[in-house]
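Student: Coordinates for the following, if possible.
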Amino acid sequence: MNKPTTDHDEQDIIVARDLRKHYMQGATQVDVLKGLALSIRAREQVAILGTSGSGKSTLLHLLGGLDTPSGGDLRVAGEDMARLGPRRRGRLRNRMMGFIYQFHHLLPEFSAVENVAMPLLIGGVGKQDASERAAEMLGRVGLAERLTHKPGELSGGERQRAAFARALVTRPRIVLADEPTGNLDEQTAERVYELMLSLNEELGTSFLVVTHDTGLAKRMDRTLMLTAGMLQPHA
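Tutor: Reported below is the predicted structural model:
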C-alpha cells in the first residue's frame, strides 16, 4: 500500500553501523551487541523479535540515546550521537523521539492530559498550548472523555493509549516501543495495533517495536531477529 507523503519523508531516521555493547561482570566481559547494523527509513514500521536476554531492550536504549554504545557509529536524524553532549542528546530525544513501554509509566498523581503534556512542557512549550495539544492527541486515541482522569481511574488499555498519546504529542520522527502490548489482553492489544498503524499513516511517524508478539510483528513493514548480538531478517 502506498502511504501518503508527509514532511517526515526525508532521510533515514536511524542508521547504526558496527554497533557494539558490552558489560563487565567482575573480570568477565559480556558482549550483548556484536557489530550490529540497522537503518530505519522515514515512515517505516520495523519489528525486532528475540528471546528474553537477547539484548532487545539494550538496543532500544542505545538507539534512544539512553545509554552509550561500547563501539560503532549511531546517527539519529543525521546527528552523530557520539558527538552530542547530554543536553543536546536530551533535546534530540525530546524533539525527534517518542517512547512507549510495556508498562505505561504514567505519573499517578497527574491527570491524563497533564501526563501527555509533559514532553511538551519539558521542550519549552507554554502550559496552555501544551495542554491543548495534549487534549487533542488524547482525543485522537479515543480518550477525549478521560482528560482529567488520573492513571488509577483508567483501565489498562486506556492507560496504554494515554502512553501512546504522550509518545506522539511532540509529533516525533520515530517512536521506540518496548513490548507495547505485552501486558494487554488480546482485544485491547488489537485496538493498540490498529491505533499504531493508523497513527503511522496519519502522522508519518516511524515505529521501531521490540516484541515477543509475532502477530504484531507481521503487521510491520519489516521484521528482524536479534540473535547472538546481531540482527538478521526474519522469514
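Student: Of all residues in the protein, which one is nearest the centre?
Tutor: Leu176 (1.7 Å; CA atoms, centre = their mean).
Student: Wait, a strand at that one?
Tutor: Yes: membership of Leu176 in a strand is supported by DSSP: H, G, I helix; E, B strand; the rest coil.
Student: quick one, what contacts it?
Tutor: 60, 63-64, 97-100, 208, 210 (CB atoms under 8 Å, 6 or more residues apart in numbering). (C-beta placed from N, C-alpha, C; glycine too.)
Student: Is it possible to mark the buried ones in the residues you listed?
Tutor: 60, 63-64, 97-100, 208, 210 (16 or more other CB atoms under 10 Å).
Student: got CSV for these, with distance to Gly124 too?
Tutor: Formatted as CSV, the buried ones among the contacts of Leu176 follow (distance: CB to CB, whole Å):
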residue, distance to Gly124
Leu60, 26
Leu63, 24
Gly64, 20
Met97, 16
Gly98, 17
Phe99, 19
Ile100, 23
Leu208, 26
Val210, 30
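Student: List just the nearest of the residues you listed to Thr51.
Tutor: Among these, Val210 lies closest to Thr51 (CB to CB), at 11.9 Å.
Student: ok, what's across the strand from the closest one?
Tutor: For Val210, the beta-bridge partners under DSSP bridges are Ile48, Asp178.
Student: Return the residues in contact with it.
Tutor: Contacts of Val210 by CB under 8 Å, 6+ apart are 47-48, 50, 56-57, 59-60, 176-179.
Student: For those, give me TSV that also has pLDDT.
Tutor: Converted to TSV, the contacts of Val210 look like this (pLDDT from 0 to 100):
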residue	pLDDT
Ala47	93
Ile48	93
Gly50	83
Lys56	86
Ser57	85
Leu59	91
Leu60	89
Leu176	91
Ala177	88
Asp178	86
Glu179	81
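Student: what's stretch 180-200 in contact with?
Tutor: Contact with stretch 180-200 is made by 3, 43, 45, 100-103, 140-142, 156-157, 160-161, 163-164, 168, 177, 205-207, 209, 211-213, 215-216, 219, as judged by CB under 8 Å, 6+ apart.
Student: Can you check which helix is longest in the protein?
Tutor: When the chain is parsed with DSSP state H, its longest helix is helix 186-203.
Student: Name the residues of that one that are buried.
Tutor: Within helix 186-203, the residues that count as buried by 16+ other CB under 10 Å are 188-189, 191-193, 195-196, 199-200, 203.
Student: Can you give me the distance of Ala163 to Ala130?
Tutor: From Ala163 across to Ala130, the span is 17 Å (CB to CB, to the nearest Å).
Student: So the two - more neighbours on which side?
Tutor: The neighbour comparison of Ala163 against Ala130 (other CB atoms under 10 Å) goes to Ala163, with 26 against 23.
Student: Which residues are in contact with that one?
Tutor: Per CB under 8 Å, 6+ apart, neighbours of Ala163: 100-101, 104-106, 180.
Student: May I see those residues organised as CSV, with pLDDT and distance to Pro86 added?
Tutor: Formatted as CSV, these follow (pLDDT from 0 to 100; distance: CB to CB, whole Å):
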residue, pLDDT, distance to Pro86
Ile100, 82, 23
Tyr101, 77, 22
His104, 71, 26
His105, 81, 21
Leu106, 90, 25
Pro180, 76, 27
